[in-house]
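A.B. asks: Quick one, what's the 3D model for this:
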Amino acid sequence: MSKMGKVLVAMSGGIDSTVAAIMLHNQGYEVIGITMKTWDYATASPSNKKETGCCNLDSFNDARQAAVDHGFPHYILDIREEFGDAVIENFVEEYLAGRTPNPCVMCNTHIKWSALLKRADALGCDFIATGHYVKVRQHTNGRYVVSKAVDSNKDQSYVLWGLGQECLSRSIFPLGEYTKPQIRQMAHDMGYPELAKKNESYEICFVPDNDYRNFLKHRVDGLEAKVNGGTFVDTSGKIIGQHKGYPFYTIGQRKGLDIAFGKPVFVTEIIPETNTVVLGDEEDLQKNTVHVAKLNLIKYAAIPEAIEAITKIRYKDPGALSVLHPNNNLVEVSFYNQVKGVAPGQSAVFYENDDVIGGGIIQKGFNFTNN
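C.D. replies: Below you'll find the predicted structure:
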């Protein structure tokens, strides 16, 4: 038995998780690799004829080969049923509700960590580990805190805001202190030059052709007939055209509207109850206040009244200075300057320096004035 402990490592077959597993093995942990099959590409979209992403046979084989090379066991875990129920169905339901979901957050929060912990307990593992670029530590208040990775371009703290204290207390993130170029060099030095050159996928894993509209049409029987013929309106409520159905539009969308206005217009609001899509100017996307619900707090057990924080409203958002006002199960986020493209259904994540205070799901954005 290793003095470092026994760790179950999620291995997708990609460079990050492979290097993470080998790093822990070399550090003296007793490593067990596990690859999770989350979806079946054949049922995702009829137009997709090729397996891509992390759930294809090549990825499984790459993960297993790394385990064989370094003498630790490897298993494949089929979680397609749980994944479909919690992630794919939520993805569909959110679009049908006029919101823009973030399936990676849902997957990490409700599926992957739950599956990892369950299997870790069954195998007698002390820890679980992944190849995410993020750091975790125990704060002086006793709570486990997620912090930004050294590599700001790869930092994934935004998608891990939903993890609870039990998950974080047993999680190891070996890559948090490294940059992506350093990890590529490690992969090369470890004897995996082809893995070091492997392209990364930024698509949603169950929408490998990156066409969520086609996915929805395939997933929901008769969707096009149900929603076709809705109305575009301007910000005053005046009807200005017809659209193909509200689920096929997202907040901030400018291209693919099939409507001539003589100037750029953007989707500023989606009203599913009346199959209405509101179009406006770019300035209409600017909001100074956001309501956030379905909260998960990480750094503190409760948000102090009127605490300043940097709030990110999407993954690649650099974040904006704001004040958090807790109100029961809701947080009102007041930005010092307006932010663009607030999309209900997306995550808002609150930071104190590099630490994640917590996060939640955006309910709505609006402009509040004291006048």
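
A.B. asks: quick one: the strands in the stretch 51-200 of the chain?
C.D. replies: The residue ranges that make up the strands of the stretch 51-200 of the chain, judged by DSSP state E, counting those that start in this stretch, are 74-78, 127-129, 134-138, 144-148, 171-172.

A.B. asks: Adding mean neighbour count, distance to Asn328 and mean pLDDT as columns, could you present those in JSON lines?
C.D. replies: The way it works is simple: take the backbone N, C-alpha and C, and place the C-beta from them, glycine included. Below are those laid out as JSON lines (neighbours: other CB atoms under 10 Å; distance: least, CB to CB, whole Å; pLDDT from 0 to 100):
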{"stretch": "strand 74-78", "mean neighbour count": "15", "distance to Asn328": "38", "mean pLDDT": "93"}
{"stretch": "strand 127-129", "mean neighbour count": "22", "distance to Asn328": "33", "mean pLDDT": "97"}
{"stretch": "strand 134-138", "mean neighbour count": "17", "distance to Asn328": "28", "mean pLDDT": "98"}
{"stretch": "strand 144-148", "mean neighbour count": "22", "distance to Asn328": "24", "mean pLDDT": "98"}
{"stretch": "strand 171-172", "mean neighbour count": "21", "distance to Asn328": "29", "mean pLDDT": "98"}
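
A.B. asks: Which one of those lies nearest to Val339?
C.D. replies: Between Val339 and the strands of the stretch 51-200 of the chain, the shortest gap by CB to CB is with strand 144-148, which sits at 19.3 Å.

A.B. asks: angle of that closest one against strand 134-138?
C.D. replies: Between the axes of strand 144-148 and strand 134-138, defined by axes from the mean of the first three to the mean of the last three CA atoms, to 10 degrees, the angle is 150 degrees.

A.B. asks: What is strand 144-148 packed up against?
C.D. replies: With contacts defined as 3 or more CB pairs under 8 Å, 6 or more residues apart in numbering; DSSP states H and E, strand 144-148 has these neighbours: strand 134-138, helix 165-169, strand 355-366.

A.B. asks: send the alpha carbons of that strand over as CSV?
C.D. replies: Taking C-alpha atoms only, strand 144-148 is exported to CSV below (Å, rounded to 0.1, in the frame of the first residue of the first chain):
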residue,chain,number,x,y,z
TYR,A,144,-11.9,23.3,0.7
VAL,A,145,-11.4,26.1,-1.9
VAL,A,146,-11.1,25.9,-5.7
SER,A,147,-8.6,28.4,-7.1
LYS,A,148,-7.6,29.5,-10.6
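
A.B. asks: could the strands of the stretch 51-200 of the chain be laid out in TSV, adding distance to Met190?
C.D. replies: Output for the strands of the stretch 51-200 of the chain, formatted as TSV (distance: least, CB to CB, whole Å):
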stretch	distance to Met190
strand 74-78	16
strand 127-129	16
strand 134-138	22
strand 144-148	26
strand 171-172	18
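
A.B. asks: Out of those, which is closest to Lys316?
C.D. replies: Proximity of the strands of the stretch 51-200 of the chain to Lys316 was assessed by CB to CB; the nearest stretch is strand 144-148, lying at 13.6 Å.

A.B. asks: between the closest one and strand 355-366, how big is the angle?
C.D. replies: For the pair strand 144-148 and strand 355-366, the angle between their directions (the same axes, to 10 degrees) equals 70 degrees.

A.B. asks: how far does strand 144-148 sit from the chain's center?
C.D. replies: Using CA atoms, centre = their mean, to the nearest Å, the distance from the centre of strand 144-148 to the centre of the chain it belongs to is 16 Å.

A.B. asks: Residues contacting that strand from elsewhere in the structure, which ones?
C.D. replies: 134-139, 155, 157, 160-161, 163, 165, 168-169, 176, 298-299, 351, 354-356 (CB atoms under 8 Å, 6 or more residues apart in numbering).
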